[in-house]
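[1] Sequence first, predicted model second:
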Amino acid sequence: MSRDLRRARSVAPSLGSHSVDIRPKIAFFDSKPYIEACFRDHNWRNYALHFLETRLTSDTVGLAAGSDVVCPFVNDRLDAAVIEALRDSGVRLIAMRCAGYNNVDIKAAGRLGVGVVHVPAYSPHAVAEHAAALLLTLNRKTHRAYVRVREGNFSLNGLVGTDLHGKCAGVVGTGRVGKCLIRILRGFGMRVLAHDPFVDAQFAAANGIEYVPLPNLLSQADVISLHAPLTAGTHHLINAETIARMKRGVILINTSRGALVDSVALIEGLKSGIVGAAGLDVYEEEEAYFFEDFSAEVMTDDVLARLIGFGNVLITSHQAFLTWEALGNIADITFDNIAEFVAGRRGAELSNAVL
């Protein structure tokens with residue numbers, strides 16, 4: 001924090017002096033070296049970019065002073081108080097560099113006259129391929145085999161997997177990512193059941209899949225992969241009741257939103273053996289840990305610690321999006337969103353507005 005505060009003070013004169021530099025000033029919160037490198041490389045409009053390692057919260061919102069735009073990420077907190085402070089400091093646009101925006105008080109932003117845009121799609125292949133990687137790793141237990149061999153243990157006991165070919169996969173949510181994963185799973189020779197409020201009959205016919213009610217999918221699938229948005233209706237979609245409907249030994253994959261899964265119920269499902277394995281790239285309380293190094297500290301989240309302790313659970317730190325292609329798309333779309341706002345578009349006129 002202190003380093004970011006010192007940087008903010010050092011650049012404050014230029015940020016506040018529009019007579020010297022009239023370029024839109026963009027403050028990136030929760031930035032990492034790969035974020036800065038990619039956005040600088042794609043900044044052909046020559047916007048004034050300011051990168052901050054700290055997350056955006058009520059304690060750090062002052063670092064946005066002098067900026068026209070803030071560019072937050074999934075774990076930044078943009079409640080009404082933060083948005084009001086941003087507005088008062090001159091920020092006119094919140095440009096999320098991700099698809100999700102459940103961490104933004106959209107109603108407060110509208111009331112305060114602050115625009116909100118997001119990146120609805122950047123690389124469905126990146127996320128779908130990561131979901132497939134989690135599935136393959138858990139099924140063939142390559143994460144455990146890797147550790148064994150490094151320790152000189154070449155035993156195969158406990159590493160037996162199953163053929164995915166001929167098994168049933170259930171995909172919940174058939175947006176861009178869900179459809180991309182379906183094509184991958186069909187390539188494995190799997191039977192695929194899909195569930196989505198919006199049935200795409202043409203896609204289903206072309207790819208040999210079937211749309212079914214969620215209970216049917218849960219009871220038949222050997223693999224379930226979640227690709228639904230987080231809404232009031234999908235919060236804890238996977239819970240004690242839905243887990244009880246699942247086929248025993250099911251592999252559960254979640255690369256979408258952490259709160260789609262009730263983590264405590266998942267632990268019970270793992271203990272009972274109904275859930276045979278779980279691959280999680282997201283976690284409902286990830287804000288406290290993900291993207292940072294806590295290897296020298298004691299983990300205080302008992303639920304996360306318990307999940308990590310299962311040998312048949314594989315957790316990655318919200319990295320499904322992390323390919324150079326996806327990062328480049330995120331940068332381009334974010335800058336395009338900002339360019340529309342700079343050009344005078346507002347509200348529904350913005351291509352990727354969140355209203």
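    Perfect, I can see it now.
[2] Touching, residue 31 and residue 52? I think so.
    Yes: taking contacts as Cβ atoms under 8 Å, residue 31 lies within contact range of residue 52: 5.9 Å. Any C-beta I mention is one placed from the backbone N, CA and C, and that applies to glycine too.
[3] Can you classify residue 27 by secondary structure?
    With DSSP: H, G, I helix; E, B strand; the rest coil as the basis, residue 27 sits in strand.
[4] contacting residues around it?
    By Cβ atoms under 8 Å, 6 or more residues apart in numbering, the contact list for residue 27 reads 50, 52, 63, 64, 67, 69, 70, 71, 91.
[5] mind redoing it with 6 Å?
    50, 64, 67, 70 (Cβ atoms under 6 Å, 6 or more residues apart in numbering).
[6] Now do it, the pLDDT please.
    Here the pLDDT value assigned to residue 27 is 98.
[7] roughly how far apart are it and residue 47?
    Distance, residue 27 to residue 47, using Cβ to Cβ, to the nearest Å: 11 Å.
[8] What of residue 164?
    Distance of residue 164 to residue 47, given as Cβ to Cβ: 46 Å.
[9] Same question for residue 58.
    Residue 58 is 26 Å from residue 47, by Cβ to Cβ.
[10] the more surrounded of the two?
    Between residue 58 and residue 47, counted using other Cβ atoms under 10 Å, the more crowded position is residue 47 (18 against 11).
[11] Dihedrals phi and psi, the more buried one?
    The phi and psi values for residue 47, taken as degrees, to the nearest 10, are phi -70, psi 160.
[12] wait, what's in contact with it?
    23, 24, 26.
[13] ok, of those residues, which one's closest to residue 245?
    Proximity of the contacts of residue 47 to residue 245 (Cβ to Cβ) peaks at residue 26, which lies at 46.4 Å.
[14] count of residues packed around the closest one?
    Neighbours of residue 26 under the rule other Cβ under 10 Å: 24.
[15] Mind listing the residues bridging to the closest residue to it other than its chain neighbours?
    Of all residues not flanking residue 26 in the chain, residue 69 sits nearest, at 4.5 Å (Cβ to Cβ, 6 or more residues apart in numbering). Residue 69 has these beta-bridge partners by DSSP bridges: residue 26, residue 93.
[16] Pretty sure residue 69 sits against residue 94.
    No: with contacts counted by Cβ atoms under 6 Å, residue 69 stays clear of residue 94, the gap being 7.7 Å.
[17] Would you mind reformatting the contacts of residue 27 (as a markdown table) and adding columns for pLDDT, secondary structure and distance to residue 329 while you're at it?
    Putting the contacts of residue 27 into a markdown table (pLDDT from 0 to 100; DSSP: H, G, I helix; E, B strand; the rest coil; distance: Cβ to Cβ, whole Å) gives the following:
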| residue | pLDDT | secondary structure | distance to residue 329 |
| --- | --- | --- | --- |
| 50 | 97 | strand | 22 |
| 64 | 97 | helix | 25 |
| 67 | 97 | coil | 23 |
| 70 | 98 | strand | 20 |
